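In: Quick check, what structure comes out for this input:
(chains A and B)
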There are 2 protein chains.
Amino acid sequence: MEIAIAKTNKYASRESGDTAEIVERPGGGMSVILADGQGTGRGAKALSMQVTAKVTALLKEGVRDGAAARAANDFLFATRYGQVSATLDILSVDLKTNTVAITRNGDTACIIETPDGIRTYREAERRLGLHHRTRPWIAEEPIVPGLRVLLVSDGVANAGLRTEQAPWDLAELATFIPRGQNAAAIADAILDEAIRRDKGRPGDDMSGVALILREVDPAPLLIRRMSADLPIP
Amino acid sequence: MEIAIAKTNKYASRESGDTAEIVERPGGGMSVILADGQGTGRGAKALSMQVTAKVTALLKEGVRDGAAARAANDFLFATRYGQVSATLDILSVDLKTNTVAITRNGDTACIIETPDGIRTYREAERRLGLHHRTRPWIAEEPIVPGLRVLLVSDGVANAGLRTEQAPWDLAELATFIPRGQNAAAIADAILDEAIRRDKGRPGDDMSGVALILREVDPAPLLIRRMSADLPIP
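Out: Next up is the predicted model:
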């Protein structure tokens, strides 16, 4: 499996309010955790770090994704009195259940490509932290080679809107990427195109996440790789 | 900055006892956390996951690396009565202190390349979990473009030993990699060469970590990337 994330900030803003993590699951597999804190600057960043830290800790203890999202909501609601909110997306390849699970609260768009076709979702459940009880949107797919999942923040999905373009159709966004590309190239291509639609000046923070399940690798040596590349400001 | 990890298991063993994570630091920057649990199979894997989860949670709360390593030791010692041990390495780019910090307990080898030359270390402090008080080995370097840090597990440092080769000299290991390569290519090259030295059959789990600090990027858009690639067994 390949997972890749590419992100950039709103034009001319130094700090973005979102945080992304890739973590190993205790039962095998990986999870991507994306959180975006309400507001801008330091406060938003601290909030999204708090949410990803809470969810990371729970997933590491073997807690299922939906329960971790509910816990993050209740934790925020209890400690911040329903005054601040955050979005949360968890994209997991779970080798214990042999499924890919997508858990969403907020306005990230989601594209699922299976051998049966493409499904796109703009709506998810409400943001975390504002209500006493909040449930996540959840989708689960069996692990099959060729499965692709894309998550894009609203900054990507709405790119070009302010420069009088038509909204970026999600199905078009999916087909825009040729098959056979690796996950890193896909995440980069989505981000590049979103930046281009905003004429080189992103109107909002932008994140793109790509997950690909390849054919099972017959190689005798299983090699795992992780990397991170971020500019020092 | 670029950080990359490449890992493989001991030949013909399905599960490795080590865990690697890349996490964002609350004050800015990234940390790599590497842990290797004593023994083999499930127990070792669960142990290393527990250690990385503990350290991740502490770093996310803003705890300094050395304190997190001490806490992980005390936690293991308290809950497992000094009966099990784990190695721990934390490699951090800390934008709050403007330093690269390396914190080690165990037998991972470390290579630091600064504009002043190459330093290599085989020894570190003792493993976590066995003693009441254990302190980490710590090195700190200012953030300067061109700095490279390599961490390699003993499976890499000792590769080829059982096939009557001379031990892999750490300074040679460093110079073996041409400058100008990106971090992912370096981690891959180290792992490839270690596997070659073991005649294609790694005698032990192998991990290579590469950190590079590049020149400060003058581009107006700061793009951050993360990726993970692991075979589904």
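In: pLDDT wise, what is residue A:217 at?
Out: pLDDT recorded at residue A:217 is 69.
In: what do you get for residue A:91?
Out: 98.
In: Which residues outside the lowest-mean-pLDDT helix or strand in chain A are in contact with it?
Out: Counting by mean pLDDT, DSSP states H and E, chain A has its least confident helix or strand at helix A:170-175, which shows a mean of 84. Here helix A:170-175 makes contact (Cβ atoms under 8 Å, 6 or more residues apart in numbering or on different chains) with A:109, A:111, A:113, A:118, A:120-122, A:148, A:150, A:152, A:157, A:190. For glycine as for every other residue, the C-beta is placed from the backbone atoms N, C-alpha and C.
In: can you state the direction angle for the helix or strand that comes right after it and helix B:183-197?
Out: Downstream of helix A:170-175, the next assigned helix or strand under DSSP states H and E is helix A:183-197. Orientation check (axes from the mean of the first three to the mean of the last three Cα atoms, to 10 degrees): helix A:183-197 against helix B:183-197 gives 170 degrees.
In: Any buried residues in the least confident helix or strand of chain A, and which?
Out: A:170, A:173-174 (16 or more other Cβ atoms under 10 Å in any protein chain shown).
In: ok, now stretch A:115-135?
Out: The neighbour-count check on stretch A:115-135 (16+ other Cβ under 10 Å) flags A:120-121, A:124-130, A:134 as buried.
In: Name the residues of the helix or strand hosting residue A:138 that come out as buried.
Out: In this structure, residue A:138 sits in strand A:137-142 according to DSSP H and E. Neighbour-count burial for strand A:137-142 flags A:137-139, A:141 (criterion: 16+ other Cβ under 10 Å).
In: Kindly reformat those residues as JSON lines and extend each row with distance to chain B and pLDDT.
Out: Shown next, in JSON lines, are the buried residues of strand A:137-142 (distance: Cβ to the nearest Cβ, whole Å; pLDDT from 0 to 100):
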{"residue": "A:137", "distance to chain B": "23", "pLDDT": "96"}
{"residue": "A:138", "distance to chain B": "22", "pLDDT": "96"}
{"residue": "A:139", "distance to chain B": "19", "pLDDT": "96"}
{"residue": "A:141", "distance to chain B": "14", "pLDDT": "96"}
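In: just to revisit the earlier point, with just CA atoms, put the helix or strand following the strand holding residue A:138 into PDB.
Out: Remark: after strand A:137-142, the chain's next helix or strand is strand A:148-152, criterion DSSP H and E. As requested, the backbone C-alpha atoms of strand A:148-152 are provided in PDB (Å, rounded to 0.1, in the frame of the first residue of the first chain):
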ATOM      1  CA  ARG A 148      -7.700   4.300  -4.600                       C
ATOM      2  CA  VAL A 149      -8.900   6.700  -2.000                       C
ATOM      3  CA  LEU A 150      -8.400  10.500  -2.300                       C
ATOM      4  CA  LEU A 151      -9.200  13.000   0.400                       C
ATOM      5  CA  VAL A 152      -9.000  16.700  -0.400                       C
END
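In: Quick check: which ranges of chain A have low pLDDT?
Out: Where chain A drops to pLDDT under 70, the residues are A:217.
In: Helices along that one, start to end?
Out: Along chain A, counting by DSSP state H, helices occupy A:41-60, A:65-80, A:154-157, A:170-175, A:183-197.
In: and the third one, what does it pack onto?
Out: Contact analysis of helix A:154-157 by 3 or more Cβ pairs under 8 Å, 6 or more residues apart in numbering or on different chains; DSSP states H and E lists strand A:109-114, helix A:183-197, strand A:206-212 as its packing neighbours.
In: and residue A:37, bridged to which residues?
Out: Going by DSSP bridges, residue A:37 is paired in beta bridges with residue A:86.
In: which residues touch it?
Out: A:17-18, A:43-48, A:51, A:84, A:86.
In: what would those residues look like in CSV with neighbour count?
Out: CSV is the format used below for the contacts of residue A:37 (neighbours: other Cβ atoms under 10 Å in any protein chain shown):
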residue, neighbour count
A:17, 25
A:18, 24
A:43, 14
A:44, 22
A:45, 21
A:46, 15
A:47, 25
A:48, 25
A:51, 27
A:84, 19
A:86, 28
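In: Quick check: the farthest pair among those?
Out: Farthest apart among the contacts of residue A:37 by Cβ to Cβ are A:18 and A:84. That separation is 14.4 Å.
In: now residue A:189, nearest residue through space, not along the chain?
Out: residue A:177 (5.7 Å; Cβ to Cβ, 6 or more residues apart in numbering or on different chains).
In: What about residue A:167, how many residues nearby?
Out: The number of residues packed near residue A:167 is 12, by other Cβ atoms under 10 Å in any protein chain shown.
In: wait, what's in contact with it?
Out: A:157-158, A:160-161.
In: could you flag which of the residues you listed are buried?
Out: A:157-158, A:160.
In: Which one of those residues is nearest to residue B:56?
Out: Closest to residue B:56, out of all of the buried ones among the contacts of residue A:167 and judged by Cβ to Cβ, is residue A:157, at 30.3 Å.
In: give the contact list for the spatially closest residue to the closest one that is not a sequence neighbour.
Out: Using Cβ to Cβ, 6+ apart and skipping residues adjacent in sequence, the residue nearest residue A:157 is residue A:109, 4.3 Å away. Contacts of residue A:109 were listed using Cβ under 8 Å, 6+ apart, and they are A:120-122, A:151-154, A:156-157, A:170.
In: Looking at the buried ones among the contacts of residue A:167, spot the one nearest residue B:194.
Out: Nearest to residue B:194 among those, counting by Cβ to Cβ, is residue A:157 at 43.6 Å.
In: Verify the stated contact: residue A:148 with residue A:210.
Out: Yes: assessed by Cβ atoms under 8 Å, residue A:148 is found in contact with residue A:210 at 7.1 Å.
In: shared neighbours of the two, anything?
Out: residue A:186.
In: okay, those two: which has more neighbours?
Out: Neighbour totals were compared for residue A:148 and residue A:210, and residue A:210 leads with 29 against 21 (other Cβ under 10 Å).
In: What distance do you get for residue A:173 to residue A:193?
Out: Distance of residue A:173 to residue A:193, given as Cβ to Cβ, to the nearest Å: 8 Å.
In: for residue A:101, same thing?
Out: The gap separating residue A:101 from residue A:193 is 27 Å, by Cβ to Cβ.
In: go on, residue A:109?
Out: Counting by Cβ to Cβ - residue A:109 and residue A:193 are separated by 14 Å.
In: With residue A:156 instead?
Out: From residue A:156 to residue A:193 the distance is 9 Å (Cβ to Cβ).
In: who has more neighbours, the two?
Out: Neighbour tally, residue A:156 and residue A:193, criterion other Cβ under 10 Å: the higher count belongs to residue A:156, 29 against 18.
In: how far away is that one from chain B?
Out: 13 Å (Cβ to the nearest Cβ, to the nearest Å).
In: All good on my end, thank you.
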